[in-house]
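Trainee: Here's a sequence, model it:
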Amino acid sequence: MLAGEKLKTHGPVLERRVNTLASRPLRNAGADIVTFMFTDMEGSTPLIERIGDREAYQVFKTHDDIIRGELASFGVSEVERHGDGFLLAFESASSAVFCSVAVQRAFAAHGRACPRNQIRVRIGVHTGPVIRAARRFFGKSVIVAARITAEAKGGEVLVSEPVLDAARAVARIVSGEPRTVELKGLSGTYVLHPIVGHRRKPERSLPSIGGWVPTQFSTGRRPHG
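Mentor: Numbers count the residues shown, from 1 in each chain. Reported below is the predicted structural model:
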């Protein structure tokens, strides 16, 4: 996907996928409140033009391996691979935030090791009610998560207010300056929060300094704890 492009560039294919998606069952089979996390690789088309198909293929493979490695660490199964990213489903908002932080940290570490082929990923997270039938998710909450991802910047974790509120019930989540946006095809406005980091580690021990787990480099904005 081109840098700065929205997920709408995937057109009807993505629209169908974000409305009805196959998934492995969550542990709580009766749950109807699910947290969805979309990832989207920024600047993939210019990357292919710059380095060519063969080398770009290896970059895409590294992208997939990094994300799937973090998912395995958190015991999360991917719902679907879409375009240049993934759709994931979580039972809790805090788990989705922790996983998002870990994914961005992994990509930041890769960028330091391989500056020529840095991988920048947008992550959007939303929690809400869905209809689950025949191992599929259906509903507005999936669409909202996709639209939030389109608003995120490369290297950023952007979450909705329901995600931030739910995650803060069990951990100290530090967020950046909120921004109010309109999401394509949806009525009203949404307040979105970039996640700066968290101060409570999940069950898996993440690399940190003094318990502080940042998601990305400083944005120059004052965080909100």
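Trainee: what's downstream of the least confident helix or strand in the chain by mean pLDDT, the next helix or strand?
Mentor: Ranking every helix and strand in the chain by mean pLDDT, DSSP states H and E puts strand 20-22 at the bottom, with a mean of 38. The helix or strand immediately downstream of strand 20-22 is strand 33-41, counting by DSSP states H and E.
Trainee: neighbouring strands for that following strand, and are they parallel or not?
Mentor: Applying DSSP bridges to the sheet, strand 33-41 is found paired with strand 85-90 (antiparallel), strand 121-129 (antiparallel).
Trainee: Please work out the average pLDDT along the first one.
Mentor: For strand 85-90, mean pLDDT rounds to 92.
Trainee: Tell me the first helix or strand C-terminal of that strand.
Mentor: Using DSSP H and E, the first helix or strand after strand 85-90 is helix 93-113.
Trainee: Can you list the helices and strands that that next one packs against?
Mentor: strand 33-41, helix 53-74, strand 85-90, strand 121-129, strand 157-160, helix 161-168, strand 190-198, strand 213-214 (3 or more C-beta pairs under 8 Å, 6 or more residues apart in numbering; DSSP states H and E). All C-beta atoms are positioned from the backbone trio N, CA, C, and that covers glycine.
Trainee: hmm, try it at 7 Å
Mentor: Helix 93-113 sits against strand 33-41, helix 53-74, strand 121-129, strand 157-160, helix 161-168, strand 190-198, with contacts defined as 3 or more C-beta pairs under 7 Å, 6 or more residues apart in numbering; DSSP states H and E.
Trainee: was I right about residue 93 contacting residue 166?
Mentor: Yes - between residue 93 and residue 166 there is a contact at 3.7 Å, judged by C-beta atoms under 7 Å.
Trainee: which residues do these two both contact?
Mentor: Residues touching both residue 93 and residue 166 (C-beta atoms under 7 Å, 6 or more residues apart in numbering): residue 127.
Trainee: who's more crowded, the two?
Mentor: residue 93 (28 against 20; other C-beta atoms under 10 Å).
Trainee: quick one, what contacts the more buried one?
Mentor: Counted by C-beta under 7 Å, 6+ apart, residue 93 has contacts 35, 127, 163, 166, 167.
Trainee: export those to CSV and tack on pLDDT and distance to residue 86?
Mentor: CSV is the format used below for the contacts of residue 93 (pLDDT from 0 to 100; distance: C-beta to C-beta, whole Å):
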residue, pLDDT, distance to residue 86
35, 94, 14
127, 96, 17
163, 96, 17
166, 93, 21
167, 93, 20
